[in-house]
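fold the stuff below for me.
(chains A and B)
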Amino acid sequence: MIKENIINFSFSKYYRKFNFLSLLVIILSVYFIVFKGLNFGVDFKGGTLIEIRVENKNIEISDIRKSLLKMDLGDVTVKRFGNKKDYLIKIEKRNTTNENFIKSINNKLNLDLSSDIDFRRVENVGPKVSSELLNDAILAISLALAAMLFYIWIRFEWQFSLGAIIAIIHDVIITLGIFSFLEYEINLSIVAAVLTIVGYSMNDTVVIFDRIRENLRKYIKVPIEEICDTSTKETLSRTMVTSITTLLALISIYIFGGAILKGFSFAMIVGVIVGTYSSIFVAAPVLKHTKVTSKTVLKEDEKENN
Amino acid sequence: MLYFSKVKLLVVYFLIVFFSLFSLSNFIDQDNFPLSKKINLGLDLQGGSYLLLEVDMDPIVIQKIQNKLILLRKNLKDIKIQYKSLKSQNNKITFQIENENIESFKKFFYNKKNSLNNYYDNYKSYEMDIIIKDNNIEISYSKFGLIEIKNSTVDQSLEIVRRRIDEVGTKEPTIVKRGSDRILIELPGLDDPNRIKKLLGKTANLTFRIVSNELDDFGSEILSFENGNNQLRVSKRVVLSGDNLENAVPSLDNQTNQATVSFTLDRVGAKRFGKITSENVGSRLAIILDNKIISAPSIREPILGGNGQISGAFDFQSATDLALLLRSGALPTPLNVIEERTVGPDLGEDSIKAGAYSLLIGFVLVIFFMFIRYKFLGLIANTALIVNLFILIGILTILEATLTLPGIAGIILTVGMAVDANVLIFERIKEEMKIEKSSIHAFDMGYQRAQSAILDANVTTLISAIILFFLGSGPVKGFAVTLGIGIITTLFTVYFFARHLSSIYINIKKNKEIQL
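Residues are numbered from 1 along each chain as shown, chains lettered A, B, ... in the order given. Now for the predicted structure:
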């Protein structure tokens, strides 16, 4: 034993079980992403999104849908959005050439529903722009992963980079899988959330790795499992405190930040939880599987000193 | 780590006060405060319209190829080369010449003083490409020729878009070029962009042409009226175009009480208009806007003063808009709206409220938690957090950055994550206290040993923020800005401000028991 443990719990004993669990969840996530697909918003699919507020409380979703169906707009979805009086209308037909398009919908709804209707938000994205935005989003996430990989490769040995990158990909896939399962919309702000998750997960992993490396230098003959265990425990209280404060802030956005930020904060909440889990149960075990020892670290130190 | 020089402290506290003052200028009445800077609110918070327009290049290239064809015909005549089946098709000019003339045509084509095929010094390339197969010659725009057309078209369009929007009189519009063929327009406070879209959707190409009695398609064509299905055959020859307009205003016809547009021609235009109307008394003159006939009145007498009136099925609004379009000039090519985002002012206000509310609650929760967890050191972390927030807002103010709803989320996230650095240090100090006897030493080691983890952790988040800043658009960019600046202010407050506070605390307590 290195020194007395703060809590009597061996993380490394559960590596196997949790790795299986992670694998299972990843397979499920990939299954959902591939077969159920992601629910892309107008940002990435093109089309029109309209947020309306209907003053008359007797109006039902079906009334709005009926009124719109008469207009031959193609695929139309209507759903409630936050406040009871607010609705979100999504029209897939890519109609950007007709400048009266929005106006005609407004007139039609006013006529059919005979209620005061306020168009609170209109987003109209053409097919060219939406495919560009999608490409940019994919590029941004790939670039972020590459940049993280590069940074950690400079700072740590390759086994550590591998662990960190596996943990990040794990987090991103599971977050997207959950979005696919729940059919939550993927829009630009979700991409921002995913990128922040990448940063956060990396942050969490690096703190533990930093400690593992320090302990590898200190305790030369201790097996890697035990090093991982001790390091995880030593940093555990920091891991928990930071996760909790971040989650407190995020939950506050989720509950009080309004409907527009719901998806964003939800993605972040999932990401922080999964990211915290993965730095303990995904990133660290990779070091065990790649047979990291004190030698690995000390050799690297020597190289740097030369 | 716990020693600070006086100069350093002075700088640190000066910076804190400096940035905090700027952040205060957002909340205090400007009249009573010397600083006048404020954070800009994004369109999603103050309401407004965002339009991305793309210039439609096809018509303009076709038009330019037409002009080149006419020039080429004249040039070929000048250099005395016989040609056959000269025509333009699919943005190309094709024709045939005799084999013996090919060399001399090539020489003419690559002459740098030739206006048919301009040479661009900056690209070291020609305007046109040529393909010669046997005696078939094909001329089309080169890559650089197209770039030049794009650039000049977008610049020209930009100017006219600006004029049209200025005439409508919205407040502080942003109109900028985006990429090679796009124009981005931001109109704060505008909740119905329909009128603007309508105004920008028209090229407003005005022509006057004589109604023709011919029956063939060579010199005339059939155009339809703007309202209704009536058609009229008009001459292809343009008598006068909108370029010759000096002014146009909406007016009311005294007799019919109809809205009309009165226009004034410039000197050249007035002269030509006088001549044409004198020669064609009794004929009808079609007034055509974007290939649609607005009206086709009979010419009863010559119009010599250069003043005229366009009557049509106008109400006062459409007459006003037409006059505005004619005054601001014709767009070289149609503009298509390829992206539109509009937020109503009350949604923006709701978003600000929700953002501020959630920021406050998140802040209180974090502060409360930190106090429970770390007692007195928690208070230090919390003070640092508050100072951090002030500096962050201060920097955003100085940069006149645009605050968006995701940007507010970025601030809240910074609040959650900012404590991380302090937590890393406090936890490390706790560990060191178990080994070290001297608490001063434990503090010192805590700060030193936590440094590398803090640096790594923040650099990685900063990388995300930078990538988001460059690839994100609109509101997401706002998120990247607050997140990125938040990281820097966090490191500053933790390593200078909070560390100084803890050093004071530890010096007072000396080796007495320290609560952690």
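
quick check: which ranges of the chain have low pLDDT?
No chain was given, so I picked chain A. Where chain A drops to pLDDT under 70, the residues are A:1-8, A:93-99, A:306.

chain B was what I was after
Under the criterion pLDDT under 70, the flagged ranges of chain B are B:1-2, B:29-35, B:510-516.

and it, what are its domains?
Following automatic domain parsing, one finds the domains of chain B at B:6-45+B:344-509, B:57-147, B:224-330.

which one of those domains lies nearest to residue B:189?
Nearest to residue B:189 among these is domain B:6-45+B:344-509; the distance by Cβ to Cβ comes to 6.9 Å. From N, CA and C alone the C-beta is placed, and that goes for glycine too.

could the domains of chain B be laid out in CSV, adding mean neighbour count and distance to residue A:189?
Shown next, in CSV, are the domains of chain B (neighbours: other Cβ atoms under 10 Å in any protein chain shown; distance: least, Cβ to Cβ, whole Å):
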stretch, mean neighbour count, distance to residue A:189
domain B:6-45+B:344-509, 20, 5
domain B:57-147, 14, 33
domain B:224-330, 16, 36
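
any chance of these in TSV, with distance to residue A:282 too?
As requested, the domains of chain B are exported to TSV (distance: least, Cβ to Cβ, whole Å):
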stretch	distance to residue A:282
domain B:6-45+B:344-509	16
domain B:57-147	49
domain B:224-330	61
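
ok, which of these comes nearest chain A?
Between chain A and those, the shortest separation by Cβ to the nearest Cβ is 3.2 Å, and it involves domain B:6-45+B:344-509.

what ranges does the chain have for its helices?
You didn't pick a chain, so chain A it is. Assigned by DSSP state H, the helices in chain A fall at A:15-31, A:42-45, A:61-69, A:101-113, A:127-155, A:158-182, A:188-218, A:224-256, A:262-278, A:284-289, A:294-305.

oops, chain B please
Taking DSSP H, the helices of chain B run over residues B:6-24, B:43-46, B:57-78, B:102-109, B:143-168, B:194-201, B:267-279, B:316-328, B:345-398, B:405-435, B:439-471, B:475-492, B:499-509.

same list (these) but as JSON lines, adding distance to chain A.
Output for the helices of chain B, formatted as JSON lines (distance: least, Cβ to the nearest Cβ, whole Å):
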{"stretch": "helix B:6-24", "distance to chain A": "19"}
{"stretch": "helix B:43-46", "distance to chain A": "8"}
{"stretch": "helix B:57-78", "distance to chain A": "13"}
{"stretch": "helix B:102-109", "distance to chain A": "35"}
{"stretch": "helix B:143-168", "distance to chain A": "14"}
{"stretch": "helix B:194-201", "distance to chain A": "4"}
{"stretch": "helix B:267-279", "distance to chain A": "30"}
{"stretch": "helix B:316-328", "distance to chain A": "12"}
{"stretch": "helix B:345-398", "distance to chain A": "3"}
{"stretch": "helix B:405-435", "distance to chain A": "3"}
{"stretch": "helix B:439-471", "distance to chain A": "4"}
{"stretch": "helix B:475-492", "distance to chain A": "5"}
{"stretch": "helix B:499-509", "distance to chain A": "17"}
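
between those, which gets nearest to residue A:224?
Nearest to residue A:224 among these is helix B:439-471 (19.6 Å), distances taken as Cβ to Cβ.

residue B:209 contacts residue B:235, doesn't it?
Yes - with contact defined as Cβ atoms under 8 Å, residue B:209 counts as touching residue B:235 (5.2 Å).

which residues are in contact with both of these two?
Common neighbours of residue B:209 and residue B:235, counting by Cβ atoms under 8 Å, 6 or more residues apart in numbering or on different chains, are absent.

contact residues of the stretch 101-250 of chain B facing chain A?
Residues of the stretch 101-250 of chain B lying close to chain A (Cβ under 8 Å from any Cβ of the partner chain) are B:191-192, B:194, B:197-198, B:201.

switch the cut-off to 6 Å
Within the stretch 101-250 of chain B, the positions adjacent to chain A are B:194, B:197-198, B:201 by Cβ under 6 Å from any Cβ of the partner chain.

top of these by neighbour count?
Taking other Cβ atoms under 10 Å in any protein chain shown as the neighbour criterion, residue B:197 ranks highest of those with 23 neighbours.

contacting residues around the closest residue to residue B:335 other than its chain neighbours?
Distances taken as Cβ to Cβ, 6 or more residues apart in numbering or on different chains place residue B:53 nearest to residue B:335, at 4.3 Å, with adjacent residues excluded. By Cβ atoms under 6 Å, 6 or more residues apart in numbering or on different chains, the contact set of residue B:53 is B:183, B:335, B:337.

who does the last one bridge with?
What that stands for is residue B:337. Residue B:337 has these beta-bridge partners by DSSP bridges: residue B:53.

can you list the domains in chain A?
Split by automatic domain parsing, chain A gives A:12-41+A:130-305, A:47-125.

most neighbours per residue, which of those domains?
Highest mean neighbour count of these: domain A:12-41+A:130-305, a mean of 20 (counted as mean count of other Cβ atoms under 10 Å in any protein chain shown).
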